[in-house]
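Asks: Prediction below, plus the sequence it came from.
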Amino acid sequence: MKLFTALILFANLSFSAPEIGYTKYGFSAPSLIGTGTLNALILVDDQALDPNGVAIINVDSDNAASALRSIVILPGNVVGQKVRITCRPAGGNSQIDDDTVIAGGLIKLVNNWVCNQDGNSINLFWNGSDWEEDGRVNL
């Protein structure tokens, strides 16, 4: 009887295509880390960046005043998702403000992150409602 029950339970499982990735066993499972790189030029204050599907976002702006080129990170799509934002300023500076409101959540940082030197970076972790700082490098 136990084997029969187990077979019924297994038969009722749904193995639909995943939204993001696969495990090494072939079953559906979301990936916590994207695989692509996004090169973003920040042209307006509070410009939104979509981190879904990317692991690294390289940012530059058209303005030397970072406070005039704040970045907003859109919500993640799976708890545990991570993204690294790296500063690649060719012509200007930008920043991510601590406690920026996003779709019912926040971007929680130790303090504002300013992109004003090539190589500065910040790592963010999606907890299901907020982006939390997971570390930063200031060169």
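Replies: Cool, the structure landed. Numbers count the residues shown, from 1 in each chain.
Asks: just how off-centre is the one helix or strand Val114 maps to within its chain?
Replies: Under the criterion of DSSP states H and E, Val114 resides in strand 113-115. Computed by Cα atoms, centre = their mean, to the nearest Å, the chain-centroid distance of strand 113-115 equals 16 Å.
Asks: likewise stretch 70-77?
Replies: Distance, centroid of stretch 70-77 to centroid of chain: 7 Å (Cα atoms, centre = their mean).
Asks: pLDDT weak spots in this structure?
Replies: Filtered on pLDDT under 70, the chain yields the residue ranges 1-33, 103-104.
Asks: can you do 90?
Replies: 1-36, 52-53, 65-67, 77, 89-106, 138-139 (pLDDT under 90).
Asks: Show me the helices in it, by range?
Replies: With DSSP state H as the criterion, the chain has helices at 2-11.
Asks: Do a quick rundown of the strands in it.
Replies: For the chain, the strands defined by DSSP state E cover 21-22, 28-29, 36-42, 47-49, 54-61, 71-73, 82-87, 94-96, 100-102, 105-108, 113-115, 121-126, 131-137.
Asks: Single out the most deeply packed of those.
Replies: Burial of the strands of the chain is given as mean neighbour count (mean count of other Cβ atoms under 10 Å); strand 94-96 ranks first at a mean of 24. Using the backbone N, CA and C atoms, a C-beta is placed for each residue, glycine as well.
Asks: hmm, who's touching it?
Replies: The contact list for strand 94-96 (Cβ atoms under 8 Å, 6 or more residues apart in numbering) reads 42, 59-61, 63, 66-67, 69-73, 85, 87, 107, 109, 112-115, 122.
Asks: Could you please name the strands the strand holding Val114 pairs with and the direction of each pair?
Replies: Strand pairing for strand 113-115, using DSSP bridges, gives strand 94-96 (antiparallel).
Asks: mind checking how far the strand it pairs with is from the chain centre?
Replies: Computed by Cα atoms, centre = their mean, the chain-centroid distance of strand 94-96 equals 15 Å.
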